[in-house]
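[1] I'll drop the sequence and a predicted model, then ask my questions.
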Protein chains: 2
Amino acid sequence: MNEYYNSAYKPLLAIDCVIFGYEQGELKVLLTRRKQDPYKGAWGLATGFLHFGESLHYAAERVLKKQTGLDRIYMDQLSTFGEVDRDPEARVISLVYYALIKVESQTLETLEKNQAQWFSITALPKLMFDHETMIQMSWGKLRRKSRYQPIGFELLPEKFTLPELQSLYEAIHQKQFDKRNFRKKILATGLLKKLDEKQKGVSKKGAYYYVFEEGKYDELISQGFNFELKSMAFGS
Amino acid sequence: MNEYYNSAYKPLLAIDCVIFGYEQGELKVLLTRRKQDPYKGAWGLATGFLHFGESLHYAAERVLKKQTGLDRIYMDQLSTFGEVDRDPEARVISLVYYALIKVESQTLETLEKNQAQWFSITALPKLMFDHETMIQMSWGKLRRKSRYQPIGFELLPEKFTLPELQSLYEAIHQKQFDKRNFRKKILATGLLKKLDEKQKGVSKKGAYYYVFEEGKYDELISQGFNFELKSMAFGS
């Protein structure tokens, strides 16, 4: 390494992961108890330092796998946090990823083993460091992204009804959508496939199940398609 | 520092800045010659390592000021790049910012002193490291952002005509917009103030000058307004 590199300051680099889930009409975040000082025992995000020889993407996958036991999670970089005093113990730059998983992928056993718990986004506990800001910013990105990418489907079970999908969007945006309008717009995207199977025991008529056609979406994206829910999101 | 921190790997952290400008119908990028090995003399982005005691935001401002001589530039984080082999000399994580400045802020003297040069985004020279990817991704973000935020105004002189504004959007999106439709949509945002002054010597009739009302925009943003040029951007 030459002098230009050798004389440069080297901070620590952490990866923090905001893990979203959706359950019973609520957008949730998976939090965990911190295992070391400072703030041992406090609630916070899944976290880890970058290791030697690891790409950032791989490091995020490692942290997510360690926390959830899951591979190939939908994840994306949010932003990098670098206030000088964000960690009182050392200078730590934090690269934040947000991820979407299905709540049912975390059994009670998994949660207990990892000292983890789902919290409603509207009722978070006190969090260590700047993790509250990381969550709020990730939620903002999720709101924006859900207007032009069918990102929400990552949070739903494989098959879902239109009322369930609407509830998810209402939880993400914290507002109610007009049922007819939502139906019309979401079906107009052409990304949902109706199954010949109805949900049982919820309503008299029963709502049909739908699945998300990922292949079709990839095809549309490659053609420059834009999943436009914006006008819906801002009221009918 | 306790063992948890002390034993963690410490990479170098660089700040790379994609600096956009706009001139004569072309979206441009400000590039500079690298001053040290490896790749001494190669074209690349304005860059610098994070210093001890600096926030990331401050470090980006320092790198931008050193390159352009300017303070208080419009800038935003793009993403963090961390492929293991992105720099052959050392493990360097790079945090990329993109910035918008006015081309006329850089005199020939400034450019020469800084070994810098403006290049059209469609005719970039060979670039060191992954700087080409950083530029292409920043351009993508600029395209997306210009559809819902009046970001383009940062690139124009204080007062501009509607044809000039349209040319800027055409350069960002690399496509032509219908003149009447563009006019209608851009004026409907209510963000432009028409001046009682015409451009001289360009066309017989002469086009009126406009200014961007920043205060009004801030007000609208705080009310949840969305600067919607999307349908325009995707054809009338």
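    Structure received. Treat the numbers as computed from the prediction; the structure is a model and nothing was measured.
[2] Next, the buried residues of the helix ranked longest in chain A.
    Taking residue count as the measure and DSSP state H as the definition, the longest helix of chain A comes out as helix A:131-145. Neighbour counts using 16 or more other C-beta atoms under 10 Å in any protein chain shown place A:131, A:132, A:134, A:135, A:137, A:138, A:139, A:141, A:142, A:143, A:144, A:145 of helix A:131-145 among the buried residues. Just so you know, the C-beta spots here come from the backbone N, C-alpha and C atoms, and that holds for glycine as well.
[3] mind listing what the last one touches?
    Looking back up the chat, that one is residue A:145. Neighbour list for residue A:145: residue A:151 [criterion: C-beta atoms under 8 Å, 6 or more residues apart in numbering or on different chains].
[4] give me that answer again for 10 Å
    Under the criterion of C-beta atoms under 10 Å, 6 or more residues apart in numbering or on different chains, the contact partners of residue A:145 comprise A:76, A:98, A:151, A:152, A:172, A:227.
[5] Among those, name the buried ones.
    Neighbour-count burial (16+ other C-beta under 10 Å) is assigned, among the contacts of residue A:145, to A:98, A:151, A:152, A:172, A:227.
[6] where does the first one land on pLDDT?
    Per-residue pLDDT puts residue A:98 at 97.
[7] so what's it bridging to?
    residue A:18, residue A:76 (DSSP bridges).
[8] Is it correct that it is in contact with residue A:17?
    Yes. Counting by C-beta atoms under 10 Å, residue A:98 does reach residue A:17; the two are 7.3 Å apart.
[9] shared neighbours of those two, which are they?
    Here residue A:98 and residue A:17 have A:45, A:75, A:78, A:134, A:138 as joint contacts, going by C-beta under 10 Å, 6+ apart.
[10] Could you pull up the contacting residues of the first one?
    Contacts for residue A:45 were tallied using C-beta under 10 Å, 6+ apart; they are A:14-19, A:29-32, A:34, A:63, A:67, A:94, A:96-98, A:127-129, A:131-132, A:134-135, A:138.
[11] Over to the third one?
    The neighbours of residue A:78, taking C-beta under 10 Å, 6+ apart as the test, are A:16-18, A:95-98, A:134-135, A:137-138, A:140-142, B:77, B:79.
[12] Sort out which one of the residues you listed lies nearest residue B:209 for me.
    Nearest to residue B:209 among the contacts of residue A:78: residue B:77, at 33.2 Å, using C-beta to C-beta.
[13] According to the record, where do the domains of chain A fall?
    The domain map for chain A lists A:3-145, A:151-233, with the assignment taken from automatic domain parsing.
[14] got the end-to-end distance for the first one?
    For domain A:3-145, the first and last residues are 43 Å from each other (C-alpha to C-alpha, to the nearest Å).
[15] Same check on stretch A:207-219?
    Distances were taken as C-alpha to C-alpha; on that basis the terminal residues of stretch A:207-219 are 28 Å apart.
[16] Please identify the buried residues of it?
    Of the residues in stretch A:207-219, those buried by neighbour count under the rule 16+ other C-beta under 10 Å are A:209, A:210, A:211, A:212, A:213, A:217.
[17] which residues touch the residue of chain A most remote from its centre?
    Ranked by distance from the centre of chain A (C-alpha atoms, centre = their mean), the top residue is residue A:3, with 41.4 Å. Taking C-beta under 10 Å, 6+ apart, we find residue A:3 in contact with residue B:36.
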